[in-house]
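In: Kindly generate the corresponding structure for this input.
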Amino acid sequence: NLDVPVKVVYQSGGEKTERIPLTQRSKHVRIEVEKKPAQLIIDENYDIARKLSPAETPPVIASILGAEKLIIVPPAKDEFKYKEIIEFFHAKGAQVRASQSLDDAALGATTLLLLGHDNAVTRRLYGEADSPAAGLSLLVKKNPRHPLKPVGIVVSNSPEETRASWLQNFQYDTNSDHTF
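Out: Okay, here's the model as predicted:
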């Protein structure tokens, strides 16, 4: 048996919670209420396992690695630090675009990979990116212009760190961030 918590919130204040036993795939339910209801909340605390909606699914590294359409936005300076990353994704069909060439519509239309702590698009979307103490960091976030399109932010201290770290350990592809 599976019991589903159902809460009725009344317009005049107060609430009532019942647990409805489910014994079949579909069931009609009738709940007696004492006052005029304002809201009905089913499984408010997500007690029941379920498939997440796309909006609830966190962005992960794999969503960048496997993106069908990807725009890489190099930093205004020190692009040489990210040569291996740019070559890797460019070989998979990614476009490389300067930050000033992207308007708000373009920022929400596709998956983005933003390179460098001084990236203008990172500042437009999120503010400043943190620099790793050492090595390379990869953070994947939801795009505020289109929450179903992930944004990867890569920050590296040197081309040597990038070369040593990039694609070294992508058993972490189900994570949202990783520092190498």
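In: Identify all contacting residues around the longest helix seen in the chain.
Out: The longest helix of the chain (DSSP state H) is helix 83-91. The contact list for helix 83-91 (Cβ atoms under 8 Å, 6 or more residues apart in numbering) reads 70, 72, 74, 79, 96, 113, 115, 154, 159, 162-163, 166-167. (Glycine included, C-beta is placed from N, CA and C.)
In: what's the distance between E44 and V9?
Out: 10 Å (Cβ to Cβ, to the nearest Å).
In: one step back: using CSV, list the CA coordinates for the longest helix of the chain.
Out: C-alpha atoms of helix 83-91 as CSV (Å, rounded to 0.1, in the frame of the first residue of the first chain):
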residue,chain,number,x,y,z
LYS,A,83,42.7,26.0,-26.4
GLU,A,84,42.1,22.3,-25.7
ILE,A,85,38.6,22.9,-24.6
ILE,A,86,37.8,25.0,-27.6
GLU,A,87,39.3,22.5,-30.0
PHE,A,88,37.5,19.6,-28.3
PHE,A,89,34.0,21.1,-28.6
HIS,A,90,34.7,22.8,-32.0
ALA,A,91,35.5,19.3,-33.4
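In: Do me a favour and average the pLDDT over it.
Out: For helix 83-91, mean pLDDT is 92.
In: Work out the gap between that helix and the centre of the chain.
Out: In terms of Cα atoms, centre = their mean, to the nearest Å, the centre of helix 83-91 is set 22 Å apart from its chain centre.
In: try stretch 42-51
Out: 21 Å.
In: returning to what we had before: put together TSV for the contacts of helix 83-91, with pLDDT, distance to T57 and neighbour count on each row.
Out: Shown next, in TSV, are those (pLDDT from 0 to 100; distance: Cβ to Cβ, whole Å; neighbours: other Cβ atoms under 10 Å):
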residue	pLDDT	distance to T57	neighbour count
L70	95	18	21
I72	97	23	21
P74	96	28	22
E79	92	32	13
V96	96	28	15
L113	96	19	26
L115	95	25	26
V154	92	21	25
P159	90	34	14
T162	86	28	22
R163	84	32	15
W166	75	25	20
L167	62	24	10
